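*Asks:* dropping a prediction and its sequence here:
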Amino acid sequence: MDLKKIIKDIVEHAGGKENIHNVTHCATRLRIELNDESKYNQSALENVEGAKGVFFTNGQLQIIFGSGLVNQVYGAYNDEFGGGESPEPKERKVQGNAAQRFVKMLSDIFVPIIPAIVAGGLLMGINNVLTSAGIFDSTKSLIELYPNIADLAAMINLLANAPFVFLPVLIGFSATKRFGGNPYLGAALGMILVHPDLTNAYLEVKARAAGEIVSWNILGLSIEQIGYQGTVLPIIVMSFVLATIEKFLRRVTPIYLDNLTTPLISLLTTGFLTFAVTGPLLRDAGNLLADGLSWLYNTLGFVGAGIFGLFYAPIVITGMHHSFSAIETTLLSQIADTGGTFIFPIASMNNIAQAGAVFAVMFFIKDAKIKSLASASGVSAALGITEPAMFGVNLRLRYPFYGAIIGSAVGSAWLGFNKVLASALGAAGLPGFLSIPPHHWGIFAIGLLLSFGTAFAVTAYFFKTKKELVDAK
């Protein structure tokens, strides 16, 4: 592919370089924020080489290129134009209602750190394979059968846990940058929240029962020295506070004192507020949210799981699925109580259902271009990347999308009936086995088959009853 021509066409049909405010990317999409959202040409962008779909949501023009290619396109853009951001217009307004702006904010924070979370989750899955009994032997784990690999398993376990233990550092950097502050101050705040001198958050219950919680006595306040390992909500909110304080101080502090006093006062003030007031409240709020969703899932059982599976793909369209990262990390941080996360298995059902629908399109449709796109995007969806399949084929033809969400609902209901939870995060789809406890692999496999088979069958039915689908282009 001619990457320079692709970039030239994108810039031209997005209204020109002066109309582009910011360019970022996620696993599959090039995300462009425009200064004037009326100037882009969607039909022309859809014909750009390599583009599998174009849509506008949450204040962003999003062009789907697929995994791998999007990195090359983004790199070519930076090579050509020297960076992704231009000065922000003074009167530029954030688009969308409050809910859309909130979802976009979460997306902006979590999309850059998803690779680290996924890598950690997959490493957790590999560790599960090495340490769980019943996979390679009826009573023993792999490291019990082969003790010489025990140290390898221990190293993998350390690598897997690091992104979650130090998650506040990743989020602090990303969130503070998103809120307009110095991201390195945000990272420093994250480091403070997981400092080894604090009682580890994972050991809080045990330490409290043993009376080992230490407190600071400051200005008459007793402040518990408890860390925030694996938490999400406290660091997001306090990154906003940090950025707000920093930006205020930058405006009012004399230039000759700015570099000395602004970081000092910003970090000191935010750190004190975090430990004394907001941190404990927000940690409890995050735990209550995770507990509430778990209660709802466990109470409604397979019905609740089926409903969640039915609406998972529409949620992805809005971008709200990025907010699930915060909930899942909280569920996993309390795995001893929650048993794991139910969101990841349902995401796997959705992804494999999108694959089932798009493979049905490949089998029945006449148009050679769509057939080729369906084959490639079907494999991608099965491996965990659904955007090419969902936006490039299923939504475009509409009826396959219906088949996909029905398939997702059926598979999700099956998992809900059998209480299947994930003990780690990773790539949702066929690789999802690594994140599922081994004793549930058989049930998980049946769920994948149900999702794929139902989506394929329903889509095939639509091809038999909706003749316009066969000849669609």
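*Replies:* It's in. Residues are numbered from 1 along each chain as shown.
*Asks:* quick one: end-to-end length of stretch 157-173, please.
*Replies:* Counting by C-alpha to C-alpha, to the nearest Å, you get 24 Å between the two ends of stretch 157-173.
*Asks:* who's in contact with that stretch?
*Replies:* The list of residues contacting stretch 157-173 from outside it, by C-beta atoms under 8 Å, 6 or more residues apart in numbering, reads 109-110, 113, 116-117, 119-121, 123-124, 126-127, 131, 183-184, 186-191, 193-194, 228-232, 234-236, 239, 329, 332-333, 424. (Glycine included, C-beta is placed from N, CA and C.)
*Asks:* how near is residue 74 to residue 55?
*Replies:* Distance, residue 74 to residue 55, by C-beta to C-beta, to the nearest Å: 18 Å.
*Asks:* no no, residue 17
*Replies:* According to C-beta to C-beta, residue 17 and residue 55 sit 22 Å apart.
*Asks:* and if you look at residue 198?
*Replies:* Residue 198 is 44 Å from residue 55, by C-beta to C-beta.
*Asks:* could you do residue 361 as well?
*Replies:* For residue 361, the distance to residue 55 equals 19 Å [C-beta to C-beta].
*Asks:* can you map out the strands along this protein?
*Replies:* Using DSSP state E, the strands of the chain run over residues 20-25, 29-34, 53-57, 60-64, 215-218, 221-224.
*Asks:* and the third one, what's buried?
*Replies:* If you call a residue buried by 16 or more other C-beta atoms under 10 Å, then strand 53-57 has these buried ones: 53, 54, 55, 57.
*Asks:* any chance of the residues you listed in a markdown table with pLDDT as columns?
*Replies:* Below are those laid out as a markdown table (pLDDT from 0 to 100):
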| residue | pLDDT |
| --- | --- |
| 53 | 81 |
| 54 | 85 |
| 55 | 80 |
| 57 | 70 |
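*Asks:* export those residues to TSV and append columns for distance to residue 223.
*Replies:* Below are the buried residues of strand 53-57 laid out as TSV (distance: C-beta to C-beta, whole Å):
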residue	distance to residue 223
53	51
54	51
55	48
57	42
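*Asks:* nearest to residue 407, of the residues you listed?
*Replies:* The shortest approach to residue 407 among those belongs to residue 53, at 20.4 Å (C-beta to C-beta).
*Asks:* so the closest one bridges to which residues?
*Replies:* Counting by DSSP bridges, residue 53 is bridged to residue 64.
*Asks:* isn't residue 176 right up against residue 236?
*Replies:* No - in terms of C-beta atoms under 8 Å, residue 176 does not count as a neighbour of residue 236; the distance is 9.8 Å.
*Asks:* looking at the two, which one has more neighbours?
*Replies:* Legend: neighbour count by other C-beta atoms under 10 Å for residue 176 and residue 236, higher for residue 176 (31 against 24).
*Asks:* excluding chain neighbours, what is closest to residue 112?
*Replies:* Nearest residue to residue 112, sequence neighbours excluded (C-beta to C-beta, 6 or more residues apart in numbering): residue 174, at 5.2 Å.
*Asks:* for stretch 20-35, measure first residue to last.
*Replies:* 6 Å.
*Asks:* average pLDDT across that stretch?
*Replies:* Averaging pLDDT along stretch 20-35 gives 83.
*Asks:* all further residue positions should be reported with the first residue as 252.
*Replies:* Right, with 252 as the first residue, what we last looked at is stretch 271-286.
*Asks:* buried set for that stretch?
*Replies:* For stretch 271-286, the neighbour count (16+ other C-beta under 10 Å) marks 271-286 as buried.
*Asks:* of all these, which two lie farthest apart?
*Replies:* Top of the distance list for those (C-beta to C-beta): 278 and 286, 25.9 Å.
*Asks:* longest helix in the chain, please.
*Replies:* Of all the segments of type helix in the chain, defined by DSSP state H, the longest one is helix 530-569.
*Asks:* chain center to it, what's the gap?
*Replies:* Remark: helix 530-569 is offset 15 Å from the chain centroid, using C-alpha atoms, centre = their mean, to the nearest Å.
*Asks:* as a markdown table, the strands of the chain with distance to residue 671 would be great.
*Replies:* Output for these, formatted as a markdown table (distance: least, C-beta to C-beta, whole Å):
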| stretch | distance to residue 671 |
| --- | --- |
| strand 271-276 | 32 |
| strand 280-285 | 29 |
| strand 304-308 | 31 |
| strand 311-315 | 30 |
| strand 466-469 | 41 |
| strand 472-475 | 36 |
